[in-house]
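1. structure here, sequence nowhere to be found:
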């Protein structure tokens, strides 16, 4: 194999023609491999927090049998594919998302992180127009996809975008896949709707997509039902469905939930390779800061329906400015000495309808000022890295 130039992205930018051969066989991985993946993730996260450059050999996810760790760098300064401006979502219980601003460009991976209930998933669903129409409504803001506001498109117009230009990998593949349809029929549905493929042409394309995500097997593979596949294989089917029409934007909502750590690495590596192959913009919704450290270029931290901090991953992890981000990073075991008491964030996230007009983190914050909860915090920071905080950490 020829030597490859190496970037800080590790094997996420590696050429698929080399790497896809190495990530297909993941069943039967040893406990030692599982430990190596976990330790590798902790090492990368610790390096990010400390502001160190991770050694080349540590940059790749330790997938079973992976032979390629180096990669050609991608230029993440492409045109903005998606721009969310001042988005506000409301339900009967109150404001769910309050004034969200996000942007992601060609080839860029944006991590959207935060505790459960902070608004990550509902923000992602709003981009696809999948909000419960009778329960949640967009009351303010725009969702610009390639310059076009898709927040207020009709059903027919949105159906032409969803699954074609924008695709999503959902959190639970077993509940997202239809149990009474073969995986070939489910992948073929999008090919028929958006690309007009049917018959033998559609079957050939389904086989190609399955092989692309490491599920080669032709007719035998395509005729399987979801219950005949493992959790990792089902998630690969979801990735194949999402990539069927080569979208400009891919949203992955907790794509490794309930998978063991080695298969998590396989799936994240595969998503990274597909991003490289198709030049897609990606949004990764997760609560795992280790995953963000390994895979993302930029990160947006959400709390109680607001973006509280945003910036390049290395900058945010090395010098967090919002007190919530700072507290999250302190709770990571990788950032603490062995045997030390693990810090915890006291209290709970306030539910919609009970959030103060100012900083919703004020009651849990050890550095809160008397006026923090009274008014919306100003933007602190310059350039790409900023936080919404009255008393920023640095």
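-> Ah, there it is. For clarity, every value in this text was computed on a predicted model and none was experimentally measured.

2. show me the shaky parts of the stretch 51-200 of the chain.
-> 51-78 (pLDDT under 70).

3. just the strands in it please.
-> Per DSSP state E, counting those that start in this stretch, the stretch 51-200 of the chain carries strands over the ranges 80-91, 94-105, 109-113, 137-145, 148-149, 166-169.

4. which strands and helices sit next to the fifth one?
-> Spelled out, that is strand 148-149. With contacts taken as 3 or more Cβ pairs under 8 Å, 6 or more residues apart in numbering; DSSP states H and E, strand 148-149 sits against no other helix or strand. (Each C-beta comes from the backbone N, C-alpha and C, glycine too.)

5. now do 10 Å
-> If you count contacts as 3 or more Cβ pairs under 10 Å, 6 or more residues apart in numbering; DSSP states H and E, strand 148-149 packs onto strand 137-145.

6. what is the orientation angle of the strand it packs on with strand 80-91?
-> Relative orientation of strand 137-145 versus strand 80-91 (axes from the mean of the first three to the mean of the last three Cα atoms, to 10 degrees): 180 degrees.

7. hey, what's the angle from strand 137-145 to strand 94-105? Just curious.
-> Angle between the axes of strand 137-145 and strand 94-105 is 0 degrees (criterion: the same axes, to 10 degrees).

8. parallel or antiparallel, list what pairs with strand 137-145.
-> Strand pairing for strand 137-145, determined by DSSP bridges: strand 80-91 (antiparallel), strand 148-149 (antiparallel).

9. chain center to it, what's the gap?
-> In terms of Cα atoms, centre = their mean, to the nearest Å, the centre of strand 137-145 is found 21 Å from the chain centre.

10. and that strand, what's buried?
-> Buried positions in strand 137-145, judged by neighbour count with 16 or more other Cβ atoms under 10 Å: 138, 141, 143, 144, 145.

11. ok, now how distant is the residue lying closest to the second one once chain neighbours are set aside from residue 307?
-> Once its chain neighbours are removed from consideration, residue 141 has its nearest residue in residue 87; the separation is 3.7 Å (Cβ to Cβ, 6 or more residues apart in numbering). For residue 87, the distance to residue 307 (Cβ to Cβ, to the nearest Å) stands at 10 Å.

12. one step back: tell me which of the strands paired with strand 137-145 lies nearest to residue 273.
-> Residue 273 sits nearest to strand 80-91 of all the strands paired with strand 137-145, at 18.9 Å, using Cβ to Cβ.

13. okay, angle between the closest one and strand 109-113 too, please.
-> 20 degrees.

14. ok now strand 80-91, how far from the chain's centre?
-> Put simply, strand 80-91 sits 17 Å off its chain's centre (Cα atoms, centre = their mean).

15. list the buried ones in it?
-> Buried residues in strand 80-91, defined by neighbour count with 16+ other Cβ under 10 Å: 81, 82, 83, 84, 85, 87, 88, 89, 90, 91.

16. identify the bridge partners of the fourth one.
-> Which is residue 84. On the basis of DSSP bridges, residue 84 takes part in beta bridges with residue 102, residue 143.

17. show me what contacts it?
-> 97, 100-104, 123, 126-127, 141-145, 151, 300, 307 (Cβ atoms under 10 Å, 6 or more residues apart in numbering).

18. and those, which of them are buried?
-> So, of those, 97, 100, 102-104, 123, 126-127, 141, 143-145, 151, 300, 307 end up buried under the neighbour-count rule (16+ other Cβ under 10 Å).

19. which of those residues sits closest to residue 364?
-> residue 307 (17.6 Å).

20. show me how far whichever strand or helix holds that closest one is from its chain's centre.
-> Residue 307 is part of strand 306-312 when elements are defined by DSSP states H and E. Distance, stretch centre to chain centre, for strand 306-312: 15 Å (Cα atoms, centre = their mean).

21. what angle do it and strand 109-113 make?
-> 140 degrees.

22. and strand 306-312, what does it pack onto?
-> Short answer (3+ Cβ pairs under 10 Å, 6+ apart): strand 306-312 packs on strand 94-105, strand 109-113, strand 298-303, helix 313-318, helix 323-330, strand 386-388.

23. listing partners with orientation, what would you give for the last one?
-> Sheet neighbours of strand 386-388, with direction, are listed as strand 306-312 (antiparallel), strand 379-380 (antiparallel) (DSSP bridges).

24. average pLDDT for that strand?
-> The average pLDDT within strand 386-388 is 96.

25. next: the third one.
-> Averaging pLDDT along strand 298-303 yields 98.

26. report the central residue of this protein.
-> residue 284 (0.8 Å; Cα atoms, centre = their mean).

27. residue 380 touches residue 386, doesn't it?
-> Yes. Taking Cβ atoms under 10 Å as the definition, residue 380 is a contact partner of residue 386 at 6.4 Å.

28. mutual contacts of those two, please.
-> Listed as contacting both residue 380 and residue 386 by Cβ under 10 Å, 6+ apart are 309, 321, 322, 392.

29. from what I can see the first one touches residue 327, true?
-> No. The pair residue 309 / residue 327 is not scored as a contact, 11.5 Å apart, by Cβ under 10 Å.

30. first vs last residue of stretch 247-256, how far apart are they?
-> Stretch 247-256 has an end-to-end distance of 21 Å (Cα to Cα, to the nearest Å).

31. now swap in stretch 160-178 and tell me
-> 21 Å.

32. which residues in the chain form helices?
-> Shown for the chain, the helices assigned by DSSP state H span residues 16-19, 31-50, 120-127, 155-161, 173-176, 183-195, 199-212, 218-222, 231-243, 261-278, 289-295, 313-318, 323-330.
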